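*Asks:* My questions concern the predicted model and sequence given below.
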Amino acid sequence: MKFEKYFTMEEADAIEYAKERLDFFEADEELTCKEIGDGNLNYIFKVDSVNREKSVIIKQSGPVARISDEFKLSPDRNRIEYEILKFQRELAAELVPKVYNYDPIMNCTAMEDLSDHVIMRTEMINHKKFKKFADDITTFMVNTLLLTSDVCMEHKEKKGFVKNFINPELCEISEDLVYTEPFSDVNNRNDVFRPNASWVKENIYLDEALKLETAKLKFEFMNNAQSLIHGDLHTGSIFIKEDSTKVIDPEFAFYGPMGYDIGNVIANLIFAWVNADAFGKDEQKNWLEETIAKVIDLFKEKFLKLWDKRATEYTAKYKGFKEYYLNTVLRDTAGVTGLEGIRRIVGIAHVKDITIIEDEERRMRAERLCMTLSKKFIMRRNELKTGRDFINIIKETEKNL
Ligand code: SR1
Ligand code: MG
């Protein structure tokens, strides 16, 4: 009876829920539970068996965001997340966790416990390096993005997906927090590091040319139903260990531009790079530069190969079209790299890579480095076609700041 009407669970409720509702533990098994979520939106319960090495994650969506109850959110995001995880596992098997159950009343999903992995942002702040990352994340992106686009999917089926994964409230969060508020001096929830306040005013809020480009990119985000994108592919949405990468948290998923996911990955690698710069970790910086370049170049290589193998749309096979299409994806990637690079500094939702820098001078430099290079990614997005081009923007900014 207890779980027949929605309520926000506590740890003890999650234990009861696991016993009553999941076909996972024995009825008399002794269980423990810890709420381990540190994201902006949801509650994550890790339920463990005391005597057996068995555990499960129960992720519950509340009606408001954790970060602030100003964000009222449809718990339908939990359904979207469950269905997307199942679907992405078909497209990119080992790179996505297993999901066991979705409960539309309690708005929760039970899924594989990935505690042997660590959140990638944490590992980046610990200045760790992961050899397989560029290969894994590009496989994930190429498979989930290209195979859900009109290039490969039957068009009526794809339109059904567009409808099923319409995600207006979560899209509104991105439209506001990524595309609008960070560039506006009024009507925003921005949270600017005080020593950089006048810099932000002069270089972001008053830069009309930059603002025009962000408007173009916002309309691209709202109107280009290109692929079933993850929608929030930052290093906090990735679990990692030496030989394995798992992409989690696709609750922001909807049909949007491919470049949104790729740009998010690149921007968050840049935050790690800026953090490594602030702490003088040169080896980490080098690895990050190589990885950023590899993500772009491997994405291109795998994308073109998969296109040849799996394109079904007749006109997509015309000579020169795939290269044209890929160039538009790279342009959007560079644009989103810049948007994410600015919004995490100026906007309400920060990243630890930057906020962990305690020294005021270093944090000022780190933020300005991010914002300056991000502006270039936005303004010069049409020119950036290779991994080297992306790195050149970073290196040139580093040299001149
Ligand atoms: C109110 S949610 C703030 C941010 O957290 C999520 O992870 C998304 O990145 C969103 O923009
Ligand atoms: Mg998330």
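*Replies:* Yes, it's here. Note that the coordinates shown come from a computational prediction; the quantities given were computed from them, not determined experimentally. Ligands and ions are numbered 1, 2, ... in the order given.
*Asks:* Just the C-alphas of stretch 32-52, formatted as CSV.
*Replies:* The C-alpha coordinates for stretch 32-52 follow below in CSV (Å, rounded to 0.1, in the frame of the first residue of the first chain):
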residue,chain,number,x,y,z
THR,A,32,21.5,-1.0,4.2
CYS,A,33,20.9,2.2,2.3
LYS,A,34,22.7,5.5,1.7
GLU,A,35,21.5,8.5,-0.3
ILE,A,36,24.5,9.4,-2.4
GLY,A,37,23.2,12.0,-4.9
ASP,A,38,25.2,15.2,-5.3
GLY,A,39,23.6,16.4,-8.6
ASN,A,40,21.3,19.3,-9.0
LEU,A,41,18.0,17.5,-9.5
ASN,A,42,17.4,14.0,-8.0
TYR,A,43,17.8,11.6,-5.1
ILE,A,44,20.0,8.6,-5.5
PHE,A,45,19.7,5.7,-3.1
LYS,A,46,22.3,3.0,-3.0
VAL,A,47,20.8,-0.2,-1.4
ASP,A,48,23.3,-2.9,-0.4
SER,A,49,22.8,-6.4,0.9
VAL,A,50,24.8,-6.8,4.2
ASN,A,51,25.7,-10.5,3.6
ARG,A,52,26.0,-10.7,-0.2
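*Asks:* Please enumerate the helices of the stretch 251-400 of the chain.
*Replies:* Assigned by DSSP state H, counting those that start in this stretch, the stretch 251-400 of the chain shows helices spanning 258-278, 282-310, 321-346, 352-355, 360-379, 387-400.
*Asks:* Highest mean neighbour count out of the ones you listed?
*Replies:* Mean neighbours per residue, mean count of other CB atoms under 10 Å, is largest over the helices of the stretch 251-400 of the chain for helix 258-278, with a mean of 27. Yep, even glycine has a C-beta here, placed from its N, CA and C like the rest.
*Asks:* Report all helices and strands that that helix contacts.
*Replies:* helix 120-125, helix 133-146, strand 227-229, helix 282-310, helix 321-346, helix 352-355, helix 360-379, helix 387-400 (3 or more CB pairs under 8 Å, 6 or more residues apart in numbering; DSSP states H and E).
*Asks:* need the helices of the stretch 251-400 of the chain in JSON lines with distance to Ala12 and mean pLDDT, can you?
*Replies:* Converted to JSON lines, these look like this (distance: least, CB to CB, whole Å; pLDDT from 0 to 100):
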{"stretch": "helix 258-278", "distance to Ala12": "35", "mean pLDDT": "99"}
{"stretch": "helix 282-310", "distance to Ala12": "41", "mean pLDDT": "98"}
{"stretch": "helix 321-346", "distance to Ala12": "36", "mean pLDDT": "98"}
{"stretch": "helix 352-355", "distance to Ala12": "30", "mean pLDDT": "98"}
{"stretch": "helix 360-379", "distance to Ala12": "40", "mean pLDDT": "98"}
{"stretch": "helix 387-400", "distance to Ala12": "48", "mean pLDDT": "98"}
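*Asks:* Can you add distance to Leu147 and give those helices back as CSV?
*Replies:* Formatted as CSV, the helices of the stretch 251-400 of the chain follow (distance: least, CB to CB, whole Å):
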stretch, distance to Leu147
helix 258-278, 11
helix 282-310, 6
helix 321-346, 14
helix 352-355, 31
helix 360-379, 27
helix 387-400, 23
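*Asks:* Compare those helices and give me the one nearest Ile173.
*Replies:* helix 321-346 (11.2 Å; CB to CB).
*Asks:* Just want the angle from the closest one to helix 387-400.
*Replies:* 30 degrees (axes from the mean of the first three to the mean of the last three CA atoms, to 10 degrees).
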